[in-house]
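Student: Predicted coordinates and the sequence they were generated for:
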Amino acid sequence: MAKNFFDKIRPTFSEGGKLSWLHSSFDAFETFFFVPNRTTRKGGTHVKDCVDLKRLLIIVVMALVPALLFGIWNLGFQHSKVFGLGWGFWQMVWYGFVKIIPLYLVSYIVGLGIEFASAQMKGHEVSEGYLVSGFIIPLIVPVDVPWWMLAIAVAFAVIIGKEVFGGTGMNIWNPALLARAFLFFSYPSKMSGDAVWVGGLSKALAGGTPWKGGEVVDALSGATPLSHASLDGLSAAGTSVWNLFLGNIPGAVGETSVIAILIGALILICTGVASWKIMCSSVLGALFVGWLGTLGGVTDIPCWEQLLLGGFAFGTVFMATDPVTSAQTECGKWIYGFLIGALCITVRLFNPGYPEGMMLAILLMNTFAPLIDHYVVNANVKRRLKRAKTV
Amino acid sequence: MSDQIRLKKGLDLPIAGAALCEVTKRVAPGLVAVKPTDFRGMVPRLLVKEGDAVKAGTPLFADKQNTAMVFCSPVSGTVDAIVRGDKRKLLEVRVKADGKNEAVRFDVPKISSLDKKGMTDLLLQSGLWPCLKQRPFGTVANPEAEPKAIFISGMNTAPLGADWDFTLKDETAAVQAGVDALARLTRGGVHFSLAAKNYAGSEFHKLTGVIFHQFEGPHPAGNVGVQINHISPINKGEVVWTVSLPLVAAIGRFFLHGVYDVHRTIAVAGPAVSNPSYVEVPAGVCMKDLAAYFNGDGIRIVSGDVLSGEAVGPDGFLGYYHDQVSVLKEGNYYEMFGWINPFRAKKFSVSRAYPAFLRHKKYDMDTNENGGERPFLMNDVYDKVLPMDIYPLYLFKACLAGDLDKMEQLGIYEVIEEDVALCEYVCPSKVEIQNIVRQGIELMMKEM
């Protein structure tokens, strides 16, 4: 039935049809519902594996779902806790749901809109890459971010971060992180500080009037555990290791629950979609610098606890492993991941103004990934040259 | 003793329709064709015209750059048609057999009495020289070149490929004569690779005068290019020659019987074959002679294997270097929500994005692309099916950019299309990798 519908409207979008200039969009929708009837071409393999980018990217989205679901609940939970509302489970979920939906709408409408438009202009097929970026962005920005800011950030990330380089597959930086970095540097007041990570809190504080339901119980508990990153600080805020692991703490929607992220990591590693080498080496890098930190007396937080704090876990699993912007060689992946972990904790330990190092660590290593690869590939080239000389 | 080389990377395609070890038909010579397009780097000069009578071994065309290199008719009969394509490019010389089986007779001296020059001249004259392929680039061997060594793969790992232990089981004497003849052409010796798991079971382990190697692992372990990469990789300026085993037997038959005889036993296999088995055919056989094996309409007939063969159609002809015909259903259908379906039980994927790795069955593969073409995105899938010391993605990108220096540095001399065919099979972005590498090779040949 759906097939008939597409067959019926296809002539309108094909060459010579009224809307032929929209054929990329038509194509995007049609291939969403149907794997196309294209057959393998001359001079190539006659059979092809049934995996395609749509499949790989939907798996990444599936892997993000646990973090999203937990985040939705946690939004309500934090709100209820700070304002002392004593909500039940479904009230919390509903609050989170209402908060997150507009962010997704903005992210996808703006992002996909630009993707479709640029595919149309270039006459390409629409690439699926933004499905994942658009899914990640609401998970890593403060939930109270004004929609227009988010829209500008998404537009910046997609246009400057991706399309100017030639679209999905050609970009240098992870688009989702670029959106967050854009927000962070353009509108710092909305992106940092203690209050932004709990829904409704900054508004309530700025208005100077308490929430309808009663007094703000404890403004301090609105701060993410990162901002008091010492053992005393953590315990003073009533945050235990278990809280950090479970994720019922203030923070960006997707990044608080290490447990939900681990489920995602498991999905990604089992399906082989993301590189376990990058995840593994990033953890090693973080442990190493965290251990050096405790050794040098910079921090009293044990190195393994660093893994639970802030955006480290989310960044390691979902953003450092972006196949386009990470290192491309297997050996390079180890170096790349290690440096991300190490840099993240370094920033965290030595920059009290901005304790969340993950975003910058990944963006910086995105920039250097081609350099790492260059040296790895060059080793292969040298080996080949040496072989020629010795023979 | 032979060295054992174990390869882990690669993939044995679980495609249905493997040929049973049984010769079910002997095709008498009918219409056959010799296709100049099978020989890379060769510019044909036609030596016959339509209606000429030819014998098996009569030259049909020669290489313009070296007129001593001739390409002969595999059967006796008359030249039926000369088929040309765009810009009068010579595509096929068709010969209709007359059933008399006349052949040009040669007085062959003893192999041991020939030096390199004598052997080269004899092979050129007999029309068997084109059996030798040259690396880099997979061209017809240049008779003036000094090859580092000659490589023969004694194991066929291509999907649904012919089992040479079966097809050549009565030809060990010919294969021995063939390797003896080849040994006269190089000082580096003849390297012969066998599957480690079937080393003693193969008749060929008794060959003398060759250097044995054993390979273990999935396809493309049987590709001679992969074997060379592990035995003695090709460096800049070096040349090696390769001969496929059925053609080694053809060279041997020439020295045993004094005639140009390139007939072969081919595997007719694939999901759209009614009776997958072996057929004895003259070289360049027309697919019409095999029509009884093909199932129904909407099929693709491939000369060669499904990864690197050539689609020839129901009226096409077997390629010079091929000894199998693969038949697939055309996959020109739409599949609703294909990529969302969690199981997709009818399709195979090497990626763990589908649960195919839990199933151990053969698949009725078809020619559907299973997705749209996208830019390169995943970077670790190609490496897993190319057991060579090469960074495939970087090499492909150098080919795309037409960067000669980079191609050279990254190993273009060591691969031809068939070696990277699996990379194309697994590519989730559906990039035409073999065409990219082909263009890279053609550019290198033009510029060098």
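Tutor: Looks like it came in fine.

Student: Now do stretch B:35-52: distance to the chain's middle.
Tutor: 19 Å (Cα atoms, centre = their mean, to the nearest Å).

Student: oh sorry, the question was meant for stretch B:130-145
Tutor: Distance, stretch centre to chain centre, for stretch B:130-145: 14 Å (Cα atoms, centre = their mean).

Student: likewise stretch B:99-110?
Tutor: Its chain's average C-alpha position is 26 Å from that of stretch B:99-110, according to Cα atoms, centre = their mean.

Student: next one: stretch B:83-94
Tutor: 22 Å.

Student: for that stretch, how far is the first residue from the last?
Tutor: 8 Å (Cα to Cα, to the nearest Å).

Student: Could you see whether chain A lies near it?
Tutor: No: judged by Cβ under 8 Å from any Cβ of the partner chain, stretch B:83-94 stays clear of chain A, getting no closer than 13.2 Å. For glycine as for every other residue, the C-beta is placed from the backbone atoms N, C-alpha and C.

Student: what comes up buried for that stretch?
Tutor: Neighbour-count burial for stretch B:83-94 flags B:90, B:91, B:92, B:93, B:94 (criterion: 16 or more other Cβ atoms under 10 Å in any protein chain shown).

Student: In JSON lines, list those along with distance to residue B:306 and secondary structure.
Tutor: Below are these laid out as JSON lines (distance: Cβ to Cβ, whole Å; DSSP: H, G, I helix; E, B strand; the rest coil):
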{"residue": "B:90", "distance to residue B:306": "27", "secondary structure": "strand"}
{"residue": "B:91", "distance to residue B:306": "23", "secondary structure": "strand"}
{"residue": "B:92", "distance to residue B:306": "23", "secondary structure": "strand"}
{"residue": "B:93", "distance to residue B:306": "27", "secondary structure": "strand"}
{"residue": "B:94", "distance to residue B:306": "26", "secondary structure": "strand"}
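
Student: Count the residues that sit near residue 37.
Tutor: Let's take chain A. 13 (other Cβ atoms under 10 Å in any protein chain shown).

Student: actually chain B
Tutor: If you count neighbours by other Cβ under 10 Å, residue B:37 ends up with 15.

Student: is it true that it touches residue B:91?
Tutor: Yes: assessed by Cβ atoms under 8 Å, residue B:37 is found in contact with residue B:91 at 6.2 Å.

Student: And the buried residues of stretch B:83-94, which is closest to chain A?
Tutor: residue B:91 (14.0 Å; Cβ to the nearest Cβ).

Student: I figured the closest one was touching residue B:44, is that so?
Tutor: No: between residue B:91 and residue B:44 there is no contact under Cβ under 8 Å: 9.8 Å.

Student: Mutual contacts of the two, please.
Tutor: residue B:36 (Cβ atoms under 8 Å, 6 or more residues apart in numbering or on different chains).

Student: which residues does the residue in the stretch 1-150 of chain A that chain B sits nearest to contact?
Tutor: Ranked by Cβ to the nearest Cβ, the top residue of the stretch 1-150 of chain A for proximity to chain B is residue A:52, at 2.7 Å. Residues near residue A:52 by Cβ under 8 Å, 6+ apart: A:35, B:339, B:370, B:371, B:372, B:428, B:429, B:430.

Student: In helices, which of these appear?
Tutor: Secondary structure from DSSP state H places none of these in helices.

Student: Select only the buried ones of those in ChimeraX?
Tutor: Remark: buried members of the contacts of residue A:52, expressed as a ChimeraX selection using 16+ other Cβ under 10 Å:
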select /A:35 /B:339,370,371,372,428,429,430
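
Student: so which pair among the contacts of residue A:52 is furthest apart in space?
Tutor: Comparing all pairs in the contacts of residue A:52 by Cβ to Cβ, the longest separation belongs to A:35 and B:429, at 14.8 Å.

Student: which SS state does residue B:95 fall under?
Tutor: strand (DSSP: H, G, I helix; E, B strand; the rest coil).

Student: Run a quick check on it versus residue B:32, I expect a contact.
Tutor: Yes: with contacts counted by Cβ under 8 Å, residue B:95 reaches residue B:32, the gap being 5.5 Å.

Student: Quantify the burial of residue B:215 by counting its neighbouring residues.
Tutor: With other Cβ under 10 Å as criterion, residue B:215 counts 27.

Student: Which strand residues bridge it?
Tutor: Under DSSP bridges, the beta-bridge partners of residue B:215 are residue B:5, residue B:195.

Student: Show me what residue of the stretch 251-391 of chain A gets nearest to chain B.
Tutor: residue A:388 (3.7 Å).

Student: Now render the buried residues of stretch B:83-94 as JSON lines, adding pLDDT.
Tutor: JSON lines is the format used below for these (pLDDT from 0 to 100):
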{"residue": "B:90", "pLDDT": "95"}
{"residue": "B:91", "pLDDT": "95"}
{"residue": "B:92", "pLDDT": "94"}
{"residue": "B:93", "pLDDT": "96"}
{"residue": "B:94", "pLDDT": "96"}
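
Student: Out of the residues you listed, which is nearest to residue A:14?
Tutor: Nearest to residue A:14 among the buried residues of stretch B:83-94 is residue B:91, at 32.6 Å by Cβ to Cβ.
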